[in-house]
Structure formats: structure tokens, C-alpha cells
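Participant: Mind looking at a prediction? Sequence and model below.
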Amino acid sequence: MTPERQGHVAMLTFSALVAGSFSLGAMSAPFVDPAALTAVRFALASGIVAAALYATRGGQTAGLLRQAWQSPWRFAVLGGLLAIYFVTMFEGLKTAAPVSTAAVFTLTPIMAAGFAWVLLRQRLTRRMGFALCLGAAGAIWVIFRADWHALFSIQIGRGEAIFFTGCIAHAFYAPLVRRLNRGEPAIVFTLLTLMAGCLLLIAWGWRAIIATDWAALPVIVWITLAYVSAFASAASFMLLQFASLRLPAAKVMAYTYLIPTWVILWEVALGRPAPPLAILAGIAMTMTALGLLLEGGHLSSAGTKSSSR
């Protein structure tokens, strides 16, 4: 399997794992502060990734970490971007409807393509641009459950504006990983990014962390924490790092279009009503878009690092 196809498989898995955090996160968001939840999430994910690193690299672990830590500012920037995204997502959901925030999220791939041009001089081909637009249209159709009235009645409020800030950070993250990576393995880069993000969150939200009565939190919060730490943080971050070194940023972020479809599957699995059949048209559009991305349509770039590490 070529490095590019490995990147596509990684992002397919990434989208499925992230979708689960939306379903579980919506159930636990009312019970805990976003900064406190995200700080604990990053701390637990750091422990999981550290254990995986030691299990796979053994005695090389300390040397790899020392070598990567020679420029710690890189991880502070990347960890800060991830922290902004996750905190604003939960904060935005306090006042914004999930449908509205999901619609805002579909703007991420287009923004990622813009940042990739600025940072890496990656340019969209016509095929790639068509695929991104088709995927966006399909994702929006899925998000609004094939209901034109819901689509046209959307209003941008404070919650959507807050989450849009987080989406900008998320879109900036993908091309920046490729720009800042200096040959470090994805697992090392992920661990240091998580640790930096955790430290920033503790510094920012220590009052909320201390004020939270962790023992009194309902079980769903702990189930969510376990899932998002192991799968939607540790595993997904490694997959994102892995894919970002093998795919152009716009292709990496294009997989966010699949998340609404995965969310529907998660919701059905959790016992919620199935969506109308008309949604299948949107799902077909996102699948077609991803097929176009998988078959070809590379971005041209100047001065971009090799993606075959």
C-alpha cells in the first residue's frame, strides 16, 4: 500500500472515531466545564500514547523525546490549536444547536486548503476543488437531514461564532503539522503535542478543574472521557499526524465531510431514530467526493516536505 493510500485509510478511521465523540459528548456536555473536560482528556490520552510509545520503541523512547523536544515551541503551538478547537466545540454547544455547529464544521476543509496554500504553497486542482465542493454539499445535506426548511432557517449566533474560531484552529493544524515536523515519528509528535496542550489547558482552566466535583459526575461523563481519551484523542491524533505527513492538508480535512454520516450510524447504534431515506443522496455525494480524492486529483505544491516519511 502506497503512503498516500495509508493516509486515506488513517483518515477514514479517524472520521469514524471522531464521530463517536460527538454522540457521547452531547450526552455529557451539560455536566462538566469544557476546559476541565478537555484537560483531563488530554492528560489521559498522553498517558495512553506514552505507554504505546514505550511498548513499541522501548529504550529508544527517551532519546526520541529529547531529540524532538529541541524545539518545544512547535508542540505548544500545535497543542494550543487542538485545545482551542475542543474547548470551543463544547462551549459553542452550550448555546448553539448541534445542526448549526455541524454546518459550521463543514467549512474546515476549505479553510485548510487556504492555510495549506499559505504555509506549503499547495494549490487546488480543478478535480480536487470539485471533490471538496461536492463533499461539502453532501455533508450539509446529511447534516440537515434532507430538510431544505432546516437549511434555510439556520441563524448564526454566539455559539456558532465561538465554534467557528475553533474550526479555524482545526483547519490551521493540519498543514502546520507538515510544516513543523522534522522527521519525528507520528507517535512521538502526537505525545508531545498532547502534553503541551494539556499543560496549556491546566494553566488556562485550573479554576474549573479544581471546582469540578469529579466524584459526583454521572457515569456518562466517565464513559465519554474514556472513549475520547483512548479513541477520539490518542488514536485519532496519531492517525491525523500520520495522514498529515502523507496527504495534502485539504485531503486530510476533506474527511470531516464523512463525520455527519458516521454520526448518524452512531446515533442509530445508540438506539435513536433512523434518518429519512432522502439522506442517502447526501451520503452518496460524500462517498463520490472521497472516491475522487482517492483516485487522484493531487495538489501541486512548491517547497513542500516529502510525504513519504
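Facilitator: It's in.

Participant: what ranges of the stretch 1-150 of the chain fall below the confidence cut-off?
Facilitator: 97-100, 103, 145 (pLDDT under 70).

Participant: hang on, isn't Gln6 packed against Leu245?
Facilitator: No. Taking contacts as Cβ atoms under 8 Å, Gln6 lies outside contact range of Leu245: 10.0 Å. Every residue, glycine included, has its C-beta placed from N, CA and C.

Participant: Looking at those two, which one has more neighbours?
Facilitator: Here Gln6 and Leu245 are set side by side on neighbour count (other Cβ atoms under 10 Å), and the busier one is Leu245, at 25 against 16.

Participant: Check whether the more buried one really touches Val177, as I assumed.
Facilitator: Yes. Contact criterion Cβ under 8 Å: Leu245 and Val177 qualify, at 7.2 Å.

Participant: all helices for the stretch 1-150 of the chain, in order.
Facilitator: 3-28, 34-57, 61-68, 73-92, 98-105, 108-120, 126-143, 148-152 (DSSP state H, counting those that start in this stretch).

Participant: Same question for the stretch 201-309 of the chain.
Facilitator: Here the stretch 201-309 of the chain has its helices, by DSSP H, counting those that start in this stretch, at 219-229, 236-244, 249-254, 259-269, 279-295.

Participant: Lowest average pLDDT across those helices?
Facilitator: Out of those, helix 249-254 stands lowest, with a mean of 73 (criterion: mean pLDDT).

Participant: residue contacts, Ala10?
Facilitator: When contacts are counted by Cβ atoms under 8 Å, 6 or more residues apart in numbering, Ala10 touches Leu239, Leu240, Phe242, Ala243, Arg246.

Participant: any idea how far the closest residue to the last one other than its chain neighbours is from Phe14?
Facilitator: Distances taken as Cβ to Cβ, 6 or more residues apart in numbering put Gly7 closest to Arg246, at 3.5 Å, once the chain neighbours are dropped. Gly7 sits 10 Å away from Phe14, going by Cβ to Cβ, to the nearest Å.

Participant: Next, show the common contact partners of these two.
Facilitator: Common neighbours of Gly7 and Phe14 (criterion: Cβ under 8 Å, 6+ apart): Ala243.
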